[in-house]
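> Predicted structure and sequence below. I'll ask about it afterward.
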Amino acid sequence: MKVYLVGGAVRDALLSYPVVEHDYVVVGSTPDEMQSLGYKQVGKDFPVFLHPKSKDEYALARKERKNGQGYTGFICDFDPTVTLEEDLYRRDLTINAIAQDENGQLIDPYNGKADIKSRLLRHIGPAFSEDPLRVLRVARFAARYQHLDFTIAPETLLLMKDMVASGELKTLTKERIWLEIEKCLKTNTLHLFLEVINDINALADVLPILPSWSKLETQKITRANHCVTTQEVAIEPDTLQVCHFCLCLEACTSDELKHIEQTLKIPSIFANSLRDFKLLNNFLNEKNFSPENILAFFNLIDLWRRPERFNLLLEILKYVQCQQDITQTLQSCAMASQAVTAQQVIALGYQGAAIKLGLQTARIAAIEKTLS
């Protein structure tokens, strides 16, 4: 039984890039042996185990054979005789097929180190085309490492286009597509991912609610990201993911947004924020910031019952505009109008249905005072 560190940890260490997690491959072992050593099995289709102390993932070396469509149509062979080289050969890219033994020695049968030096994302072999998920993974790596000048090898890019043309990507579930998008959001690189997806004609399969993607959109989002990285605008990491998502999907129409949760099966915070952002854009495009219009906007986004969504919307606006003037104005108007309560209106003598009119009148007056 031999254990090797593999995949992203080895790759990122060679790139002097932060190592987030450690994955290991075990050669020459069996499920029974792993469990006898205290490892907890978590894999169903193939044996993956959690280390009893570190909780890192340890997978038995395996080979794969295609037996159906899509990224789940595989039969796995995890016999103890499977070699390290055979396990590495089933991986997607050469830079992800480097292993490291317990002494720190690198095993690189498919020249991943050379491709790291050349800044190339290159597929290992013809089995790449058997798994459509790899198209999205390569696009994600291209986005993640663009700042390091990585590019996709011409032969790999051609293969990705052929896989899209064959319709293979249509077998991917929306949940799996969202998972890849979510990983891009965590690195603030969704715009670069979409650029690659558009270049290989896969936008209709990956994000059908987006009508198109252009270099100009990439540049716009790059500028917004620059404001954050240079600390001209301060936004928390989790909030930044929502901001980045909304700006990337800004071109979606209102009709398309009605179906976004069903289309992508995304968390509600992203779907709701995108809808609110669309309403905000419509409001800003009118360029009529009268107290009545501002209050109408607050009513539209239900500021009174959903203040947390309004606060998130302000963060999105701050990210998109890369300045704080309009953000501060809306925030001040919101605080002033929120300070007006039904009890205050009732104290002025309003009763029954007139209370609503009284609230509106008092809130308009509060906004007008704030703007003056």
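Nice, I can see it. Predicted model, so just to flag it, every value in this text is computed and none were measured.
> Please give the element, helix or strand, for the residue nearest the centre of the chain.
Residue closest to the average C-alpha location in the chain (C-alpha atoms, centre = their mean): Glu182, at 2.3 Å. Take DSSP states H and E as the rule and Glu182 turns out to sit in helix 174-186.
> I'd like the next helix or strand past that helix.
Downstream of helix 174-186 (by DSSP H and E), the next one is helix 190-199.
> tell me what that next one is packed against?
helix 133-144, helix 174-186, helix 203-206, helix 215-229, helix 237-248 (3 or more C-beta pairs under 8 Å, 6 or more residues apart in numbering; DSSP states H and E). All C-beta atoms are positioned from the backbone trio N, CA, C, and that covers glycine.
> need those in JSON lines with mean pLDDT, can you?
Formatted as JSON lines, those follow (pLDDT from 0 to 100):
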{"stretch": "helix 133-144", "mean pLDDT": "97"}
{"stretch": "helix 174-186", "mean pLDDT": "93"}
{"stretch": "helix 203-206", "mean pLDDT": "92"}
{"stretch": "helix 215-229", "mean pLDDT": "90"}
{"stretch": "helix 237-248", "mean pLDDT": "94"}
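> right, and those helices - which one's nearest Asp101?
helix 133-144 (24.6 Å; C-beta to C-beta).
> Next, the angle from the closest one to helix 190-199.
Orientation check (axes from the mean of the first three to the mean of the last three C-alpha atoms, to 10 degrees): helix 133-144 against helix 190-199 gives 130 degrees.
> just checking, what packs against helix 133-144?
Here helix 133-144 touches strand 120-121, strand 151-152, helix 154-165, helix 174-186, helix 190-199, going by 3+ C-beta pairs under 8 Å, 6+ apart.
> Identify the residues contacting the last one?
With C-beta atoms under 8 Å, 6 or more residues apart in numbering as the contact definition, helix 190-199 has outside contacts at 136, 138-140, 142-143, 146, 152, 157, 180-181, 184, 203, 206-207, 210, 212-213, 215, 217-218, 221-222, 244-245, 247-248.
> Let me know the distance separating the residue nearest to the centre of the chain from Leu190.
According to C-beta to C-beta, to the nearest Å, Glu182 and Leu190 sit 9 Å apart.
> Tell me how far Ile316 lies from Phe128.
From Ile316 to Phe128 the distance is 37 Å (C-beta to C-beta).
> Between the two, point out the one with more neighbours.
When Ile316 is set against Phe128 and neighbours are counted by other C-beta atoms under 10 Å, the residue ahead is Ile316, at 24 against 20.
> That one: which element?
helix 307-321.
> before we move on, what about Tyr4?
strand 2-6.
> Angles on the backbone of Val26, please.
Torsion angles at Val26 (phi, psi; degrees, to the nearest 10) stand at phi -110, psi 120.
> got a list of what it touches?
Here Val26 is in contact with 1-3, 34, 49, 58-61 (C-beta under 8 Å, 6+ apart).
> Of the residues you listed, which pair is most distant in space?
For those, the farthest-apart pair by C-beta to C-beta is Lys2 and Phe49; their separation is 15.0 Å.
> Between those two, tell me which one has more neighbours.
Taking other C-beta under 10 Å, Lys2 and Phe49 do not tie; Phe49 has more neighbours (23 against 13).
> So what pairs up with that one in the strands?
In this entry, Phe49 is beta-bridged to Gln41, Tyr58, by DSSP bridges.
> quick one on the thing from earlier: I'd like the helices and strands packed on helix 133-144 laid out as JSON lines, including distance to Thr94.
Compiled in JSON lines, the helices and strands packed on helix 133-144 are given as follows (distance: least, C-beta to C-beta, whole Å):
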{"stretch": "strand 120-121", "distance to Thr94": "8"}
{"stretch": "strand 151-152", "distance to Thr94": "12"}
{"stretch": "helix 154-165", "distance to Thr94": "10"}
{"stretch": "helix 174-186", "distance to Thr94": "20"}
{"stretch": "helix 190-199", "distance to Thr94": "18"}
